[in-house]
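*Asks:* sequence and predicted structure, then a few things I'm wondering about:
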Amino acid sequence: SYLDPQETRIVVETTRVNNDVNKRWAIRKYNEERNAEKHEIEKILIEQYGDANENDISASRYLLEQTGEDLLTDDDQNNRHYRHQINKYKLWLEQGCQCLYTGRIINLTNLLSDNMFDMEHTVPRSLSFDSSDKNLTICDAYYNRHIKQNRIPAELPNYDSDVTIDGHSYTAILPRLTKWQKQVERLSQNVTYWKNRAKRAQTEKSHNNCMREMLLWQMEYNYWIA
């Protein structure tokens, strides 16, 4: 059948507008969910730190949205502490309360001690220039400072086999990544599922709803695959 060029252009422009609207919706929704998660963590940490006050917490909410610690001044030491602890707690939950490099189980008391577990860059910042949550890992402080140092996980001596270093035994890292791989596979399947549903949608509203779900899962997938 004959398609008028003017009508064809209108269809393309409408699709582009819908895509932009859906993407903005998904980004806003994703950020709202992450902020809600951080606020829940704040409540837990307030219970751990009885000296917290409303001003500290309000300021930390803003700082949580910033990237890079260079934005903080000397007057922000207390807020830096809360921001650091909130991110630490979040990563601890994602890692199943375990150091991925050593296999050591991390209890909450030890987690919140800066001397026992570090929040380190999975891919060194000097190589990746990435300080976002997706490039951070909770790691046994001794292992991080004396063994991992400026290396990526695949270069570590216990990446695929158990080793003993200076009298300390470290189990292989690779088997502990299995659950992460399964998580990534599940998220990828969800992205594909909603993408296919969008293709089969019979109405514009249904198509847009499916696209929004697909974009949400895509952002979650991008976080875990990094």
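*Replies:* The structure has been received and is ready for your questions. Residues are numbered from 1 along each chain as shown.
*Asks:* what residues does the helix or strand harbouring residue 206 touch?
*Replies:* Assigned by DSSP states H and E, residue 206 belongs to helix 204-225. With CB atoms under 8 Å, 6 or more residues apart in numbering as the test, helix 204-225 has contacts from 18-19, 21-23, 25-27, 29-30, 133-134, 180, 183-184, 187-188, 190-191, 194-195, 197-198, 201. Where you see a C-beta, it was placed from the backbone N, CA and C, and this is true even at glycine.
*Asks:* repeat that with 7 Å
*Replies:* Contacts with helix 204-225, where a contact means CB atoms under 7 Å, 6 or more residues apart in numbering, come from 18, 22-23, 25-26, 29-30, 134, 180, 183-184, 187-188, 190-191, 194-195, 197-198, 201.
*Asks:* with stretch 188-202 instead?
*Replies:* Residues outside stretch 188-202 that contact it (CB under 7 Å, 6+ apart): 207, 210, 211, 213, 214, 217, 218, 221.
*Asks:* and that stretch, average pLDDT?
*Replies:* Stretch 188-202 shows an average pLDDT of 96 in the prediction.
*Asks:* so for it, what gets flagged as buried?
*Replies:* 190, 191, 194, 195, 197, 198 (16 or more other CB atoms under 10 Å).
*Asks:* same question for stretch 28-36.
*Replies:* 30, 34.
*Asks:* so what does the residue nearest the centre of the chain look like in phi/psi?
*Replies:* The chain has residue 134 as the residue nearest its centroid, 4.1 Å off, counting by CA atoms, centre = their mean. Backbone dihedrals for residue 134, given as degrees, to the nearest 10, come out at phi -70, psi -10.
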